[in-house]
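Mind folding the following:
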Amino acid sequence: MTKKIVVIDPGHNGQNFEHPEIINKQVDAGFGQRKACNTTGTETNAGYTEALFNWKVSLQLKAALEARGITVVMTRDSNDGVGPCVNDRAAIGNNSEAAAVVSIHGDGDDASANGFYVMTAERDPAGSATAAQSARLADDVRSGLVNTGFSPSNHLGSDGLWKRGDLAGLNLSQKPTVMVEMGNMRNAGDAETMSSADGQQQYADGIAAGVVQYLIGR
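Purely as a prediction, here's the structure:
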């Protein structure tokens, strides 16, 4: 595999809740929309935050991809900061030579919901060819997660895939991009997995397998 660059976007940040004056600022969200710069994210009923979960999985994913010779760019470099804003995160991907952008999140759905889903842009911000690449990246990431033992969401999306028109990270990206809700932090089973080091490694392994499969066939 020739040298590839992957951008990893760990959603939210650990100190977002301390600075509403920053994260509530309205920014460009693509296709004429405006949204808050960022949000605090969700958490488990035990208080394990989505921002920390996203960060831990992203670090494991970074290590797994780098072990395969892939260059990784992160949209944030710690979990004790604020932001960046969603439009700035998209710009980091756009300004790199990224072959793929993967945004890592955890959901805060009704407690009966469980499982993951992979989102792509409903509209084509970079044209049909890039949209097709994003769709293939989503398919490969979904397969990677399923093969690692995870199940698609029983509530949102369709068989683990969902096109969204309201997310800045997707609407503004000029690169093949997916956003992954790894599980539902309000569901007891998902929360247990998402809060554990072994579970976080398992999520990272599944995404890494999907990304590598995408890059091989790109």
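
where in this structure is pLDDT low?
The chain contains residues with pLDDT under 70 at 1-2.

the strands in it, which residues?
Chain-ordered strands for the chain, with DSSP state E as the definition, fall at 5-10, 26-30, 33-36, 71-74, 100-107, 117-121, 161-164, 177-184.

The second one: how far from the chain's middle?
Spelled out, it's strand 26-30. Computed by C-alpha atoms, centre = their mean, to the nearest Å, the separation of strand 26-30 from the middle of its chain amounts to 18 Å.

packing partners for that strand?
On a contact count with 3 or more C-beta pairs under 8 Å, 6 or more residues apart in numbering; DSSP states H and E, strand 26-30 meets strand 33-36, helix 86-94, helix 168-171. The way it works is simple: take the backbone N, C-alpha and C, and place the C-beta from them, glycine included.

got it, and the third one?
Based on contacts counted as 3+ C-beta pairs under 8 Å, 6+ apart, the elements that strand 33-36 packs against are strand 26-30, helix 168-171.

Report the buried residues of the longest one.
The one in question is strand 26-30. With burial defined by 16 or more other C-beta atoms under 10 Å, the residues of strand 26-30 counted as buried are 27, 28, 29, 30.

neighbours around the nearest residue to residue 133 once chain neighbours are set aside, how many?
The shortest distance from residue 133 to any residue other than its chain neighbours is 3.8 Å, reached at residue 176 (C-beta to C-beta, 6 or more residues apart in numbering). A count of nearby residues for residue 176, using other C-beta atoms under 10 Å, gives 25.

contacting residues around residue 176?
98, 99, 100, 101, 130, 133, 134, 136, 137, 214 (C-beta atoms under 8 Å, 6 or more residues apart in numbering).

Can you report phi and psi for it?
Here is the backbone geometry of residue 176 (degrees, to the nearest 10): phi -60, psi 120.

and if you look at residue 38?
As for residue 38, its main-chain torsions (degrees, to the nearest 10) stand at phi -170, psi 180.

Next one: the residue nearest to it when sequence neighbours are not counted from residue 16, what distance?
Across the structure, with C-beta to C-beta, 6+ apart as the measure, the residue nearest residue 38 apart from its sequence neighbours is residue 23 (4.3 Å). In this view, residue 23 and residue 16 are 5 Å apart by C-beta to C-beta, to the nearest Å.

could the contacts of residue 176 go into TSV alongside distance to residue 71 and neighbour count?
Conversion of those to TSV gives the following (distance: C-beta to C-beta, whole Å; neighbours: other C-beta atoms under 10 Å):
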residue	distance to residue 71	neighbour count
98	9	23
99	10	21
100	12	27
101	13	29
130	20	17
133	18	19
134	20	27
136	21	18
137	17	26
214	15	26
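
Let me know the closest of the residues you listed to residue 160.
For the contacts of residue 176, the closest approach to residue 160 (C-beta to C-beta) belongs to residue 137, at 13.1 Å.

Surely the closest one touches residue 100?
Yes - because the distance of 5.5 Å satisfies C-beta atoms under 8 Å, residue 137 is recorded as touching residue 100.

any shared contact partners between the two?
Both residue 137 and residue 100 are contacted by 176, 177, 178, 211, 214, under the criterion C-beta under 8 Å, 6+ apart.

And for the last one, nearest residue in space, chain neighbours not counted?
In space, not counting the residues next to it along the chain, residue 214 is nearest to residue 140; the distance is 4.2 Å by C-beta to C-beta, 6+ apart.
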